[in-house]
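*Asks:* Here you go, sequence then predicted model.
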Amino acid sequence: MSVEQTHEERETLTVEVNIPGHAPRTTTALFERTKKLLVEREGGRCYICGRTAEESGHPLESHHYPVERSLATAWDWPRFVRDCKAGAWGPHAQAFDWDSFDPAADPYRFVDDQTVNGMLLCKAHHTGKDEGIHTMPWPLWIWQRYAPDGYQISDVEIIHDQT
């Protein structure tokens, strides 16, 4: 088989990194409140496939993005703030109240605010095997949003245009 033909790509991804120590995961009131706002702002649709909770069969999930919650205490906040203020992470992160933000006191004020650090996903595109952001490399994950309608990406995913 040549690369000109559709072909399967198998990736075995082993990652060994040192995640900083952090408190056990909790669902904060800020997360809950702003997740509801994120759902409203995004029309209750998954960022990748556009399905609603009813269409996907599961409640929509909010993925911490771009700052993963477990990494909040080992983040170069001054550099990130500069990038956000410059618009590098989009208009929502840019509009955050950076002047009153003190990451040393409470980095979760940004991290758990899903209106500035959240991506709405269906369960499959959040944690699903061969389709979730937590289970596959970024280039292949984001491709699911832009692959042509009808394309079979994997055994579990055929693209259905949701526009």
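*Replies:* Noted; the coordinates are in hand.

*Asks:* Let's see the distance spanning stretch 130-143 from one end to the other.
*Replies:* 12 Å (Cα to Cα, to the nearest Å).

*Asks:* One more: stretch 109-124?
*Replies:* End-to-end for stretch 109-124, by Cα to Cα: 28 Å.

*Asks:* How about Ala93, nearest residue that isn't a chain neighbour?
*Replies:* Nearest residue to Ala93, sequence neighbours excluded (Cβ to Cβ, 6 or more residues apart in numbering): Cys84, at 4.5 Å. The C-beta positions use only the backbone N, C-alpha and C, and glycine is treated the same way.

*Asks:* Give me the three-state assignment for that neighbour.
*Replies:* helix (DSSP: H, G, I helix; E, B strand; the rest coil).

*Asks:* count of neighbours near it?
*Replies:* As a burial measure, Cys84 scores 23 neighbours (other Cβ atoms under 10 Å).

*Asks:* Give the burial count for Ile153, as a bare number.
*Replies:* There are 14 residues near Ile153, going by other Cβ under 10 Å.

*Asks:* er, Ser62 actually
*Replies:* 21.

*Asks:* tell me the contacts of it?
*Replies:* The contact partners of Ser62, by Cβ atoms under 8 Å, 6 or more residues apart in numbering, come to Phe31, Lys35, Leu38, Val39, Gln114, Gly118, Met119, Leu120, Leu121.
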